[in-house]
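A.B. asks: prediction below, plus the sequence it came from.
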Amino acid sequence: MDIFLSLFENIGNVSWQMVLMWVIGALLIYLAVKKEMEPTLLLPMGFGAILVNLPLSGAITQGEEIGPIDVLFNAGISNGLFPLLLFIGIGAMIDFTPLLSNPKMLLFGAAAQFGIFFTLCLATLCGFELKDAASIGIIGAADGPTSIFVAQYFDSNYTGAIMVAAYSYMALVPIIQPPVIKLVTTKKERLIRMEYNPQAVSKTTKILFPIVITAVAGLVAPKSVALVGFLMFGNLIRECGVLNSLSKTAQNELANLITIVLGLSISTRMQADEFIQVQTLMIMGLGLVAFVFDTVGGVLFAKFLNLFVKKKINPMVGAAGISAFPMSSRVVNKIGIEEDPQNYLLMHAVGTNVSGQIASVIAGGLIVTLVPLFQ
Amino acid sequence: MNVSGFIEVLPLVVYGMVGIFIVTAVIYAVVSILNKIFTPKK
């Protein structure tokens, strides 16, 4: 009888914090399945949150017994390997042609990273250590792998919360951005039409582009070379024209495999004692601030440029400078059509959106370069 | 509230944004040059 009862002893180890984490895990799975919010990451993270919060869970290290999720975490996240491998897949997925045909869009991508640095300062004001504040600010990169890379680079205490915030807000871009855009633009500005005369781009330019970007970013911010380089390597595989099989593998099998283990591995940082704290709520709030000020930064920069250019830019296009692709460009196009059914901003917004992907990675590299100088 | 910490990191906003604009401006210039040199065959 004692042996039989010992089978149920573990139930006594359940704490209310663990139960709360099961609820959070279930909520993430619900959002992934029912609302289709970033399901590729939120579902593994949600399941992982339940997995690691079962009392004495064998999935995570317990004393001398090494857990498989911790093995995965140490093998691929604590050293930044998984996000970088995922970048090869993402690079192979991105077509930079809209940006190459209109390269001035790159500047909007740069402006829309303002939320990262603004939030970094705000997080410092809220009492976070600089390394954690930098990791929280990078939520504004709207780019999961960059957020993971930076948070792990600084060995942040809040990686789990940062990941949940980053992926949740990326999925919520269609809800977050429209009111912010409308708040900082006038109806007259939203009605501005932009001609679209794409410049044809040669194959040589497309091949040289990833190489040049890596060299430029590497010379200015050497610590960004890993981030930028892996993204651009993926793009080079895509554009070179002789590695179609590798390109497809990077886009599909590699990206899918890494995504599966990435979400599960991150969940080791969602253990109740680490996750359930006031700081998690603050991080969720600061993450929202980062997305809002990214949007504001992009829009205001476009308005600033309008002071000097003859052909006016619809300031909403600046809002697409955040890295959340393609949601952000769709949002801008949708608002444009709502205001004027004949105003198609999609291609301008796509160019800005892909430039945001490059700029967010550069921002990540600059953060890891600059922050140690302030510590 | 860590006001002194906030003031200390404020220059980071300037350095960060200036850094991003410098890098993207260089990339913009390089891409423009590449587009001029390598025009697509018709």
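C.D. replies: Sure, I can see it.
A.B. asks: okay, and residue 19 sits in which element?
C.D. replies: Here I'm looking at chain A. helix A:16-33 (DSSP states H and E).
A.B. asks: wrong chain, I was asking about chain B
C.D. replies: Going by DSSP H and E, B:G19 is part of helix B:3-37.
A.B. asks: I figured A:F82 hits A:L262, correct?
C.D. replies: Yes - A:F82 is within contact range of A:L262, at 5.0 Å (criterion: Cβ atoms under 8 Å). In this view, the C-beta of every residue, glycine as well, is placed from N, C-alpha and C.
A.B. asks: quick one, what contacts residue 40?
C.D. replies: You didn't say which chain, so I picked chain A. By Cβ atoms under 8 Å, 6 or more residues apart in numbering or on different chains, the contact set of A:T40 is A:N256, A:T259, A:G263.
A.B. asks: my bad, the chain I had in mind was chain B
C.D. replies: By Cβ under 8 Å, 6+ apart, the neighbours of B:P40 are A:A200, A:V201, A:S202, A:K203.
A.B. asks: mind redoing it with 7 Å?
C.D. replies: B:P40 makes contact with A:A200, A:V201, A:S202 under the criterion Cβ atoms under 7 Å, 6 or more residues apart in numbering or on different chains.
A.B. asks: tabulate those residues in a markdown table, adding columns for distance to A:M18, pLDDT and neighbour count.
C.D. replies: Shown next, in a markdown table, are the contacts of B:P40 (distance: Cβ to Cβ, whole Å; pLDDT from 0 to 100; neighbours: other Cβ atoms under 10 Å in any protein chain shown):
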| residue | distance to A:M18 | pLDDT | neighbour count |
| --- | --- | --- | --- |
| A:A200 | 59 | 83 | 13 |
| A:V201 | 54 | 88 | 23 |
| A:S202 | 58 | 91 | 16 |
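A.B. asks: chain B next: which of those residues are close?
C.D. replies: By Cβ under 7 Å from any Cβ of the partner chain, the members of the contacts of B:P40 lying near chain B are A:A200, A:V201, A:S202.
A.B. asks: will you turn these into a markdown table that also has secondary structure?
C.D. replies: What follows is those, written out as a markdown table (DSSP: H, G, I helix; E, B strand; the rest coil):
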| residue | secondary structure |
| --- | --- |
| A:A200 | coil |
| A:V201 | coil |
| A:S202 | coil |
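A.B. asks: which among the contacts of A:T40 count as buried?
C.D. replies: Among the contacts of A:T40, the ones that count as buried by 16 or more other Cβ atoms under 10 Å in any protein chain shown are A:T259, A:G263.
A.B. asks: so which of the contacts of A:T40 sit within helices?
C.D. replies: Counting by DSSP state H, the part of the contacts of A:T40 found in helices is A:N256, A:T259, A:G263.
A.B. asks: kindly report the residues of chain B close to chain A.
C.D. replies: Contacts of chain B with chain A, taken as Cβ under 7 Å from any Cβ, map to B:1-3, B:5-6, B:8-10, B:12-13, B:15-17, B:19-24, B:26-28, B:30-32, B:34-35, B:38-40.
A.B. asks: helices and strands around the helix holding A:V19, which ones?
C.D. replies: When contacts are defined as 3 or more Cβ pairs under 7 Å, 6 or more residues apart in numbering or on different chains; DSSP states H and E, helix A:16-33 sits against helix A:39-52, helix A:272-275.
A.B. asks: so can I have TSV of those showing distance to A:A302?
C.D. replies: Output for the helices and strands packed on helix A:16-33, formatted as TSV (distance: least, Cβ to Cβ, whole Å):
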stretch	distance to A:A302
helix A:39-52	31
helix A:272-275	38
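A.B. asks: return the most buried member of the ones you listed.
C.D. replies: For those, ranked by mean neighbour count under the definition mean count of other Cβ atoms under 10 Å in any protein chain shown, the leader is helix A:39-52 at a mean of 23.
A.B. asks: got the angle for that helix vs helix A:16-33?
C.D. replies: Relative orientation of helix A:39-52 versus helix A:16-33 (axes from the mean of the first three to the mean of the last three Cα atoms, to 10 degrees): 160 degrees.
A.B. asks: name the nearest residue to residue 20, sequence neighbours excluded.
C.D. replies: If you meant another chain, say so; for now it's chain A. Nearest residue to A:L20, sequence neighbours excluded (Cβ to Cβ, 6 or more residues apart in numbering or on different chains): A:I276, at 6.0 Å.
A.B. asks: not what I meant, chain B
C.D. replies: Spatial nearest neighbour of B:I20, excluding adjacent residues (Cβ to Cβ, 6+ apart): A:A110 at 4.4 Å.
A.B. asks: burial measure for the one you found, as a count.
C.D. replies: Other residues near A:A110 come to 30 when the count uses other Cβ atoms under 10 Å in any protein chain shown.
A.B. asks: that one falls within a helix, correct?
C.D. replies: Yes - with three-state DSSP as the criterion, A:A110 is located in a helix.
A.B. asks: show me what contacts it?
C.D. replies: A:A359, B:I20, B:F21, B:T24.
A.B. asks: can you pick the most crowded of those?
C.D. replies: Counting neighbours by other Cβ under 10 Å, A:A359 leads the contacts of A:A110 with 31 neighbours.
A.B. asks: tell me which element that residue is part of?
C.D. replies: Secondary structure assigned from DSSP H and E places A:A359 in helix A:346-374.
A.B. asks: may I ask which two of the contacts of A:A110 are separated the most?
C.D. replies: A:A359 and B:F21 (9.5 Å; Cβ to Cβ).
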